[in-house]
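**Q** just to be clear, the model below is a prediction. Sequence and coordinates:
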Amino acid sequence: MPRSIDISRVRNIGIMAHVDAGKTTVTERILFFTGKRHRIGEVDDGDATMDWMVQERERGITITSATTSTYWRDHKINVIDTPGHVDFTAEVERSLRVLDGAVAVFCAVSGVQPQSETVWRQAAKYGVPRLAFINKMDRVGASFWNVVREIRKELGANAVPIVIPIGEESVFRGVVDLVTMSAIFYDETPEGMLLRYAPIPDSHLAQARRAESELIERVSEQDEALLEKYVSGTRPEAIEVARALRTATIRGDIVPVLCGAAGHNKGIRRLLDAVIDFLPSPADLPPIRGVGPNGAEAVRHCTDEAPLSALAFKVQADKHLRRLTYVRVYSGVLKAGEYAQNSTRNKRQRIGRLFEMHANSRETIDELHAGDVGAVAGIAETFTGDTLCSESHPVVLEAIKFPAPVMSIAVAPENRVDADRLTDSLIRLTDEDPTFTSRVNTETAQVVISGMGELHLEIIVDRLRREFGVGVSVGPPRVAYRETLIGTVVHEHRHVKQTGGRGQYAHMIIRVEPGIPGSGLQFENEVVGGRIPREYIPSIERGVNDVIAEGPYAGFPMVAVKVTVLDGSAHEVDSSDFAFRTCGSVGFRDACRRAGLELLEPVMAIEVIAPEEHTGAVTTSFYAKRGKVVHMEKIGESLVLQARAPLAEMFGYSSELRNMTSGRGVFTMQFDAYETVPLALAEKIIKAQRERRDR
């Protein structure tokens, strides 16, 4: 079946921002002005279309990325609204992996915030072209030019305004379009917000001409034809500026900046025009590259005629279909009822029903074409990051990398029926969320779930109870401590055991030393002359990994360890894989104790926004938590405080901050680094860990 719209008229975009910058409000206005919805959904009222989960509507935040499709100027726009809270940054990561462009939303008062930087880096990693939309221009303290400067300084972006505001704060009433050099006013009428095009007011004409000159200058730096005109003093035509601006934006050389007040329907239609005019279609981008059957590079062009290649970027538990897998088709056509190859897992998958998604509602379709984003039912063995491709033309696309969870809690079923449900529910949730893990601690028989933070785990537990109907009780949070080496030793270990029959013999000399910070195990083999047969070296590594999983210091996983096998010997009869694995495990454990061990804890980067009068209380709270304040700045009427503190001290801080600031303070927190635990505290942690293991 031919596609309904030419690929050049498709835009796959994401809306990304720091929490509370107005990202979901922008998305809701996009749906309204494009006719997808006939009533505006409000985040504060709990009826936003894209925040469809119960937990999202209750808390007024986005938790999971939601996909929809709409139309503007005969173009199809596939939109993914992403979360702004750091606990759910994995949703942003996987969305940006499959998007062609993004709109970064910034608050006109708060400017560039920590999660703004995070999502910007994520977009840069995948080479996603961006527009910047400075929202909330009608708020007290709003400053368009301050935010532009912050985008340039903090994000290193070549931010170029293509509109400038007419008024700020309570007198924000329109924008000057620098491409066409005309004014757009937003007139409130009983029927709604009307656009009125008019000449630029005299009060803003000089500023507009300066901004226009800067726009042309910056665009000319990216386009030779425009540069010639600029140097000769000739003003280029608006269509020439727009064409050059589009090319530079797609290359990532320029970030066009717009502004508005989404809560009052201002600036959204100009933003939609910019999405069409400056962000790329799938056909504008380079072909996707992957790995073919023999390890050679394989290239897939974004056309329906090319062999199928698609990336599964999200798995979602669904109460009716049980499981939905979101895919981005890069080449070829994915058809319902046909077979595709999961080349990542070497599984043949029958494509069940296909859907075009609109948040949690869906429309059944027959096929997804190159450049499309949709969902598939019935492919139970396909997970986030897997590649679906043509069986006759296999290819593996680059997978998606996610950060490891940093916080754990124990959950226990309330009765035997809940115990059976809990196992199945956790499997479905771990399939859905790559940053959520669950495991059974064999020593304590506890079910331990791990995630990106307090809010993340709170949402998981709430979903277990309400969505999956599982009664669970929650134990105190446990920090994901790590162990690492202090020094370097060369250690010799000989494993000899004689039981009357065939014995066990393994002998090795290893060097144990600190590895690269932030890494796991680096294992190297320097044995020469076959003194340890090559087939036994992996057994030594498995033995080392047995100890890495539960370190010798306190039973926490080890990090940043380098092990080099230097020498050893084997017996032609008594040596075996088991003997060398035991030798590797016991010998490595002894070597670690000789080298010295220390305990590491996750330290978090925290940003608090609170009224200035609460500065003293907020600052003191961090010093009481073994933390330190890194930076303080006043923005508008609020104090923005950046600090670092151990995760172990931050549990329950949301309630503490609310109490300190009469409910007016908010904070965000993200993992920063692992750092050494003070010795006196480490001894207490180790003692408590051993007591738990002995119970």
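**A** Done, it's in.
**Q** where exactly do the helices run in the stretch 201-350 of the chain?
**A** Per DSSP state H, counting those that start in this stretch, the stretch 201-350 of the chain carries helices over the ranges 202-220, 224-232, 238-251, 268-278.
**Q** same check on the stretch 401-550 of the chain?
**A** Listed in chain order, the helices of the stretch 401-550 of the chain (DSSP H, counting those that start in this stretch) span 416-432, 454-466, 537-549.
**Q** starting at the chain centroid, how far to the longest one?
**A** Put plainly, it is helix 416-432. Centroid separation for helix 416-432 versus its chain: 24 Å, with C-alpha atoms, centre = their mean, to the nearest Å.
**Q** again, but for stretch 186-205
**A** How far stretch 186-205 lies from its chain's middle: 38 Å, per C-alpha atoms, centre = their mean.
**Q** just name the most buried of the helices of the stretch 201-350 of the chain.
**A** Of all those, helix 268-278 carries the top mean neighbour count, a mean of 20, counting by mean count of other C-beta atoms under 10 Å. The C-beta positions use only the backbone N, C-alpha and C, and glycine is treated the same way.
**Q** circling back: out of the helices of the stretch 401-550 of the chain, which gets nearest to residue 294?
**A** For those, the distance to residue 294 is smallest for helix 537-549, at 24.6 Å, taking C-beta to C-beta.
**Q** contacts for the closest one?
**A** Contacts to helix 537-549, defined as C-beta atoms under 8 Å, 6 or more residues apart in numbering, come from residues 508, 510, 520-521, 523, 525, 527, 532, 557-558, 561, 563, 565, 577-589, 592.
**Q** next, the distance between the ends of stretch 609-626.
**A** The first and final residues of stretch 609-626 sit 20 Å from each other (C-alpha to C-alpha, to the nearest Å).
**Q** buried ones in that stretch?
**A** Under the neighbour-count criterion of 16 or more other C-beta atoms under 10 Å, stretch 609-626 has 609, 610, 614, 615, 618, 619, 621, 622, 625, 626 buried.
**Q** what number of residues lie near the closest residue to residue 415 other than its chain neighbours?
**A** Once flanking residues are discounted, residue 415 sits nearest to residue 471: 6.7 Å by C-beta to C-beta, 6 or more residues apart in numbering. Counted with other C-beta atoms under 10 Å, residues neighbouring residue 471 total 15.
**Q** surely residue 471 meets residue 414?
**A** Yes: the criterion here is C-beta atoms under 8 Å, and residue 471 meets it with residue 414 at 3.7 Å.
**Q** quick one: strands adjacent to the longest strand belonging to the chain?
**A** Ranked by number of residues, the top strand in the chain under DSSP state E is strand 597-611. Neighbouring strands of strand 597-611 in its sheet, by DSSP bridges, are strand 482-485 (antiparallel), strand 638-646 (antiparallel), strand 666-676 (antiparallel).
**Q** quick one on the thing from earlier: Throw the helices of the stretch 201-350 of the chain into TSV and include distance to residue 479, thanks.
**A** Converted to TSV, the helices of the stretch 201-350 of the chain look like this (distance: least, C-beta to C-beta, whole Å):
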stretch	distance to residue 479
helix 202-220	47
helix 224-232	56
helix 238-251	43
helix 268-278	42
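**Q** those helices: lowest mean pLDDT?
**A** Mean pLDDT is lowest for helix 224-232 among the helices of the stretch 201-350 of the chain, at a mean of 81.
**Q** hmm, back to that, if any of the contacts of helix 537-549 are buried, give me the PyMOL selection for them.
**A** Those of these that count as buried under 16+ other C-beta under 10 Å are selected in PyMOL with:
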select buried, resi 508+510+521+523+527+532+558+561+563+565+579+580+581+582+583+584+585+586+587+588+589+592
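**Q** how about the strands in the stretch 451-600 of the chain?
**A** 472-474, 478-479, 482-485, 489-497, 504-514, 521-525, 561-569, 597-611 (DSSP state E, counting those that start in this stretch).
**Q** point out where the stretch 101-250 of the chain drops to low pLDDT.
**A** Residue ranges of the stretch 101-250 of the chain with pLDDT under 70: 190-192.
**Q** that older thread, which one of the strands paired with strand 597-611 lies closest to residue 247?
**A** Of the strands paired with strand 597-611, nearest to residue 247 by C-beta to C-beta is strand 666-676, at 34.9 Å.
**Q** which helices and strands does the following helix or strand past that closest one pack with?
**A** Downstream of strand 666-676, the next assigned helix or strand under DSSP states H and E is helix 679-694. For helix 679-694, the packing partners by 3 or more C-beta pairs under 8 Å, 6 or more residues apart in numbering; DSSP states H and E come out as strand 597-611.
**Q** got the angle for the strand it packs on vs helix 679-694?
**A** 110 degrees (axes from the mean of the first three to the mean of the last three C-alpha atoms, to 10 degrees).
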